[in-house]
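Enquirer: Following is a predicted model, sequence given first.
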Amino acid sequence: MPKLFIKNMVCKRCIIAVEHELQKLDLKASHIELGEVTLQENPNLLQKANLEKALSKIGFELIDDRKSRIIEKIKNTIIVLVHQQNNHAKLNLSDLLSEELHQDYSYLSNLFSEIEGITIEKYFIAQKIERVKELLVYDELSLSEIANLLNYSSVAYLSNQFKKTTGLTPSHFKQVKTNKRKPLDEV
């Protein structure tokens, strides 16, 4: 079955949006996940061009080259881990990525740094901080509960990492209502 790789899919709503565009173009998907669509049939050139145009209008992009697909898969794996699974992985990040992508972690790490200009670890931390911001804005969990939920070893470690990344303490961030979270595709 043919696969399409799509850049900037970061949440369940992205999956719904892509699914909607596929339906409008009468393209049948057997499976859709972040960054990847498995179609039942190969699209013809006109369908693919129309899909590219439709996806572009809503902020997505078809990816054709192998390296970009790997980078997108790394990002999507981290996003799912942090934002949907709350970082409760049984493996450490390097093992998880190696297992998910069937690649040596040093290759993935070097490729990610080369293409993105930051390390996988810094990207992972940025995603965790965005999740912390989200949870702080919801104001339903204590900082201790957030630290536990996101697998931080302590509240102090979370606070230090938060301050280093944002310039604010978590409590000060909560007080300042002008702080906005970044869209996940901009982290």
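Expert: Received the coordinates, thanks.

Enquirer: Compute the distance between the residue nearest the centre of the chain and residue 124, please.
Expert: With distances taken as CA atoms, centre = their mean, residue 79 lies nearest the centre of the chain, 3.2 Å away. To residue 124, residue 79 is 10 Å away according to CB to CB, to the nearest Å. From N, CA and C alone the C-beta is placed, and that goes for glycine too.

Enquirer: same deal with residue 130?
Expert: Separation of residue 130 from residue 124 (CB to CB) stands at 11 Å.

Enquirer: hey, where'd the helices end up in the chain?
Expert: When assigned using DSSP state H, the helices of the chain occupy the ranges 12-24, 45-57, 66-79, 93-101, 105-116, 120-138, 143-149, 155-166, 170-175.

Enquirer: Please parse the protein into its domains.
Expert: Each structural domain of the chain that the record assigns through automatic domain parsing is listed here as a residue range: 3-63, 65-187.

Enquirer: Can you convert those into JSON lines and add a column each for mean pLDDT?
Expert: Below are the domains of the chain laid out as JSON lines (pLDDT from 0 to 100):
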{"stretch": "domain 3-63", "mean pLDDT": "92"}
{"stretch": "domain 65-187", "mean pLDDT": "88"}
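
Enquirer: so what sits against both of residue 130 and residue 124?
Expert: Contact criterion CB atoms under 8 Å, 6 or more residues apart in numbering; residues shared by residue 130 and residue 124: residue 82.

Enquirer: centre of the chain versus stretch 95-112, how much separation?
Expert: Mean-position distance between stretch 95-112 and its chain equals 16 Å (CA atoms, centre = their mean, to the nearest Å).

Enquirer: ok so, going back, the residue nearest to the centre of the chain and residue 33 touch, don't they?
Expert: No - no contact is recorded between residue 79 and residue 33 when judged using CB atoms under 8 Å, the distance being 11.4 Å.

Enquirer: shared neighbours of the two, anything?
Expert: With contacts taken as CB under 8 Å, 6+ apart, not a single residue reaches both residue 79 and residue 33.
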